[in-house]
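# my questions are about this predicted structure, shown below with the sequence.
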Amino acid sequence: MKTIKKTNSRIYSIIAISLLMLSCGNESSKAQELPSVSMPKEITLTKQELKNKIKGGWAGQTIGVTYGGPAEFRFNGTMIQDYVQLEWNDDLISWFYDNEPGLYDDIYMDLTFVDVLEKKGLDAPISDFAKAFAYAEYPLWHANQAARYNIMNGIEAPASGHWKNSMHADDIDFQIEADFAGLMSPGLPNAASDICDRVGHLMNYGDGYYAGVYVASMYTLAFVSDDVNFIVTEALKKIPSESKYYRAMQDVIGFHEKFPDDWKRSWFEIERSKWAQDLHCPDGIFSPFNIDATVNSAYVLLGLLYGKGDIAKSMEIATRAGQDADCNPSTVAGILGTMVGYDHIPDKWLKGLKKVEDRDFKYTTISLNDVYELSYKHALEVIERNNGKIGNDEIQIICQSPKTLPLEVAYPNIEPTGNLKRSRGSLFTINDNKEHSIEFSGTGIVIKGGIAGLSFSGSSEPFENYIYELEVNLDGKVDKVMKLPVDYKKRSAELYWNMELPKGDHVIKLKWLNPMEQGKITINEYVAFSGQKNTNHN
């Protein structure tokens, strides 16, 4: 989740026959119970087998994100047709390392958290993860960027990822950053979700958080089984059946059962369902762009289920499904790489990877060879902590049956209305300290825009340290002063949002409190929302 996002800133042998088929695309269908499948009580791996699987997971991620990189967010709301060739060569990974290293945010974001665990231990509190994440040098996007802004402005974790404080709680971010938690928790999905709780809630909540837990759980089960269907269905037991995310993943599993040889038909069923709607990320509302975790997780399942364990086929399907077409094959290849182990990844994919395994990822001092060892070390610690035994050569893992998480619902009953105001240029520009008004009706609003220009003649204050202060007066009372640094890495992607307004008509007045010569704030779009406040899942 990066290269094209930067451009836009500059754009599921065990399936019970008794499983009832859900109506295609019918969100209101009653959730069915998954087949009753038991985890093994324990497994034994040699130390080499464990390390090989961990290496396979990290290698698979890196291969997958590179494979899909050129297609990232270039095919939104459409699949990539067969005539479009997906290129691969032995130098492709090296090229991205050298020219577009931001492609690997799937990896270096994980490494931030691996590094915290290495320095602070398995019990590192959420505050340590938050500090390392928020003050890292790399640019962030969507839920990550919203969380960074919140943390830097006094909204501490886990509130930093809560839907009341972010328009991106359901976005894909933690889905692509949870791999490390699964790779260090072989056969231990509940141990993985404990780690996820301290990381995933930094930037996500509800379905966005569940996506990361689901992915991490599939990784943990890839150490236990080479049956993709088992991995997909057993991991889903971590997710509460009342959630939209669970129902969506169950639908995809049902589509695959109904159309077992036609992934494209299942893709169409996903698209015609409500799962393909992005209702809260401001960039996805009224747009084919969809960074919502639910639909992208659905594409991950397409790759896993229809690829049947074949890494190349699985990556291709996950990529051709579109949208976040690098992150989804990265997740798929990471899980399958864990399942088969590094030594069984075909040479076609490893040749190019081996050229970079000693190179640190940008923004880090950690290479693939480093993280292979770090995750292995952390896995041994997690295994011992969870009643496993480490012998001279063999490792006994006491497996865990997945325990379902509590229910979280982001943006309960809140959806955008037709009250959209958008301009190719700007709706209006604020270039002085005069008030500018927006009138709307609803229970919420998000305002999009940006900052531009500045002249600092006569001032010794560095341009890059200047912070715009935008006062937001709501219905006659100052609601918030948004701090908008010139440095985009520290700035909110939205100028203002509020999803907890009383139903009715509202007036917002915007005022630039510290105007500078030639500077300006542009208002490009605002979207109103309607819904009823639900206090059950706060």
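Perfect, I can see it now.
# tell me which stretches of the stretch 151-300 of the chain form helices.
179-183, 189-203, 207-222, 228-235, 244-258, 263-271, 293-307 (DSSP state H, counting those that start in this stretch).
# cool, the stretch 301-450 of the chain as well?
311-320, 327-340, 347-354, 368-385.
# any idea which of the helices of the stretch 151-300 of the chain is most buried?
The highest mean neighbour count among the helices of the stretch 151-300 of the chain, using mean count of other CB atoms under 10 Å, belongs to helix 179-183: a mean of 32. Heads up, the C-betas are built off the backbone N, CA and C, glycines and all.
# give me the distance between the two termini of stretch 183-195.
11 Å (CA to CA, to the nearest Å).
# what does that stretch contact?
Outside stretch 183-195, the residues that touch it by CB atoms under 8 Å, 6 or more residues apart in numbering are 39-40, 43, 45, 50, 53-54, 57-58, 117, 122, 181-182, 213, 216-217, 219-221, 223-224, 235, 238, 338, 375, 378-379, 382-383, 385-386, 397-400, 402-403, 405.
# equivalent analysis for stretch 395-403, please.
So stretch 395-403 is contacted by 38-47, 50, 186-191, 193, 217, 223-224, 234-235, 237-238, 380, 383, 386-389 (CB under 8 Å, 6+ apart).
# now with 6 Å?
39-40, 42-45, 50, 186-190, 237-238, 383, 387-389 (CB atoms under 6 Å, 6 or more residues apart in numbering).
# and the closest residue to Met499 other than its chain neighbours, what are its bridge partners?
Among residues not flanking Met499 along the chain, Gly444 sits closest, at 3.9 Å (CB to CB, 6 or more residues apart in numbering). Note on Gly444: beta-bridge partners by DSSP bridges are Phe529.
# Ala130 reaches Asn150, doesn't it?
No. Ala130 is not in contact with Asn150 according to CB atoms under 6 Å; the separation is 9.6 Å.
# how about the strands in this structure?
42-46, 389-390, 394-398, 415-422, 428-430, 436-442, 444-452, 467-474, 477-485, 496-498, 504-512, 520-530 (DSSP state E).
# between those strands, which gets nearest to Asn328?
Asn328 lies closest, by CB to CB, to one member of the strands of the chain: strand 415-422, at 25.1 Å.
# paired strands for the closest one, with orientation please.
Note on strand 415-422: by DSSP bridges, its sheet partners are strand 520-530 (antiparallel).
# what average pLDDT does the strand it pairs with get?
Per-residue pLDDT values over strand 520-530 give a mean of 93.
# lowest average confidence, helix or strand, in the protein?
helix 3-9 (a mean of 37; mean pLDDT, DSSP states H and E).
# residues contacting Ala248?
Taking CB under 6 Å, 6+ apart, one finds 275, 294 in contact with Ala248.
# next one: it, what pLDDT does it get?
Predicted confidence (pLDDT) for Ala248: 98.
# quick check: domain ranges of the protein?
3-124+170-398, 415-530 (automatic domain parsing).
# just these: most buried one?
domain 3-124+170-398 (a mean of 21).
# pretty sure Asn52 is touching Gly341, no?
Yes. Contact criterion CB under 6 Å: Asn52 and Gly341 qualify, at 4.0 Å.
# now the common contact residues for those two.
What both Asn52 and Gly341 touch, as defined by CB under 6 Å, 6+ apart, is an empty set.
# just to revisit the earlier point, worst mean pLDDT among the strands of the chain?
strand 415-422 (a mean of 78).
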